[in-house]
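>>> Need a 3D model of the following:
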Amino acid sequence: MTEFVTTEVHGGIGYLTLNRPQALNALSLDMIRAMTQALQAWASAPDVVAVVVSGAGGKAFCAGGDIRYFHKAAHEGDPLLDQFFVEEYALNFLIHRYAKPYIALMDGVVMGGGMGISQGARLRLVTERTRMAMPETNIGLFPDVGGGWFLARTPGHIGEYLGLTGAAISAADALYAGLADAYLPGNRLAELIDSLRARQFAAGDAVLAHIDGFTAPHRADCLPAQSTLAGLSAQIDALFAGNTAQDILAAVSDAPGDWAAQTAAMLRSRSPLMLCVSLEQIRRARGMSLEDELRMELDMMYYVFRKGDGVEGIRALAIDKDHKPRWQHARLDEVGRETVQSFFDSPWRMEDHPLAALGKGA
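Sure, this is the predicted structure:
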């Protein structure tokens, strides 16, 4: 196990806590392995009927993967970089298919890898402190950890909007988009945990029913703010329906109002290459199973650090912090269709794929 993940079984519930608050609970490979080990053990443990996952520190559930490690590993040619994503995506799939209720307390920052370990939960709880995003295009990546799959299943073209811009959304937005299930004021989270710990549960459904007693008085009409996404949905659907990222940017740029101007500015600051790749990913994912989509993401990630903009994007944001990435392509119209398609050519034969066993009972 690792010092950054704590596990405890109490009253029939397995408590899984990310305990790396100084890094906003960003995931390392050791943390992914510790979570996987605990969940696999609890899956067959008769004294565990449900799992509750949360983040320590009060600021974040999980801010994503450890991007500084990605940068260092890519420069050093560390084979564990590929292994990180193999094991992370396998963990994401394990959570989506977990037989016992897996409950994610999505308080604070929930981004990237944090979405990967929460979107497969049976119950996804958000608070007024929730700030949710898939911000990967900002660092030359794409919305992975199953992001193509769950973004493609949001209403209309919200998935394209969130995946391409990396915009952060609130609890109300998350509920509207189907990326969360229930709301609970942050000051009641501690009460909920205390209440769970004070009881003995014999079945997972009893845990869910108990939590519902807390969240039921706090339905959507009690949220601290209305959903911005709901008000923008018609505009998003019209502007993000374009066939190409270039079409989408042109439509957004021509639209009136501050929101459209801010959105166009966000799109122009992202990696043109990865905007095109991410759009293709989300569009493909609409017709894919989760396991096939995760295999596709692993293929894509193989290339991101070999011929993509990942290393440069992380350098600009997190290493040198100059916020001036030198993307391979300066403009969307410089990104060729063949270049985009090459990210979807698997480097492995189907039977040799590191995630070949997903969805096959292995």
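
>>> all contacts plus neighbour counts: C-alpha atoms, from now on.
Will do.

>>> which one is V304 nearest to, not counting chain neighbours?
Take V304 and drop its neighbours on the chain: the residue closest to it by Cα to Cα, 6 or more residues apart in numbering is G310, 5.7 Å away.

>>> dump the residue contacts of that neighbour.
If a contact means Cα atoms under 8 Å, 6 or more residues apart in numbering, then G310 has 139-141, 304 as its contacts.

>>> And the pLDDT for C62?
On pLDDT, C62 comes in at 98.

>>> Could you give the number of residues near it?
Using other Cα atoms under 10 Å as the criterion, C62 is surrounded by 32 other residues.

>>> just checking, it touches G114?
Yes: using Cα atoms under 8 Å as the test, C62 is close enough to G114 to be in contact (4.5 Å).

>>> hey, what's in contact with both of the two?
Listed contacts common to C62 and G114 are A26; contacts here mean Cα under 8 Å, 6+ apart.

>>> ok, the contacts of G310 vs L249, which is closest?
Lowest distance from L249 to the contacts of G310 (Cα to Cα) belongs to G140, with 17.4 Å.

>>> Now do the contacts for that closest one.
Applying Cα under 8 Å, 6+ apart, the residues contacting G140 are 270-271, 274, 304, 308-314.

>>> Just the pLDDT for it.
95.

>>> any idea how far E338 is from it?
Distance, G140 to E338, by Cα to Cα, to the nearest Å: 18 Å.

>>> Distance check, S342 against V335.
The value you get for S342 to V335, if Cα to Cα is used, is 12 Å.

>>> and if you look at R20?
38 Å.

>>> Now for the residue nearest in space to the middle of the chain: which residues touch it?
Ranked by distance to the mean C-alpha position of the chain (Cα atoms, centre = their mean), the top residue is M115 at 2.8 Å. The contact partners of M115, by Cα under 8 Å, 6+ apart, come to 62, 64, 132-134, 145, 147.

>>> all strands of the protein, in order?
Taking DSSP state E, the strands of the chain run over residues 5-10, 13-18, 50-55, 60-62, 102-106, 109-111, 123-126, 131-133, 182-183.

>>> which of those strands is buried the deepest?
With neighbours defined as mean count of other Cα atoms under 10 Å, the strands of the chain peak in mean count at strand 60-62, which reaches a mean of 31.

>>> Off-centre distance for that strand?
How far strand 60-62 lies from its chain's middle: 11 Å, per Cα atoms, centre = their mean, to the nearest Å.

>>> shaky segments in this structure?
Judged against pLDDT under 70, the low-scoring parts of the chain cover residues 1, 218-224, 361-362.

>>> make it 80
Across the chain, the ranges flagged by pLDDT under 80 are 1-2, 216-225, 361-362.

>>> pretty sure F85 contacts L298?
Yes: with contact defined as Cα under 8 Å, F85 counts as touching L298 (6.8 Å).

>>> So between the two, which is more surrounded?
L298 (24 against 21).

>>> Test my guess that L162 contacts E136.
No: applying Cα under 8 Å as the test, L162 and E136 come out as separate, 10.2 Å apart.

>>> which one of the two has more residues nearby?
E136 (26 against 19).

>>> number of nearby residues for Q262?
Using other Cα under 10 Å, the number of residues around Q262 comes to 13.

>>> Which residues lie in contact with D82 in this structure?
Applying Cα under 8 Å, 6+ apart to D82 gives the contacts Y302.

>>> The nearest residue to V311 once chain neighbours are set aside and L151, how far apart?
Setting aside the residues directly before and after it, V311 is nearest to H71 in space (Cα to Cα, 6+ apart), at 5.6 Å. Between H71 and L151 the computed distance is 26 Å (Cα to Cα).
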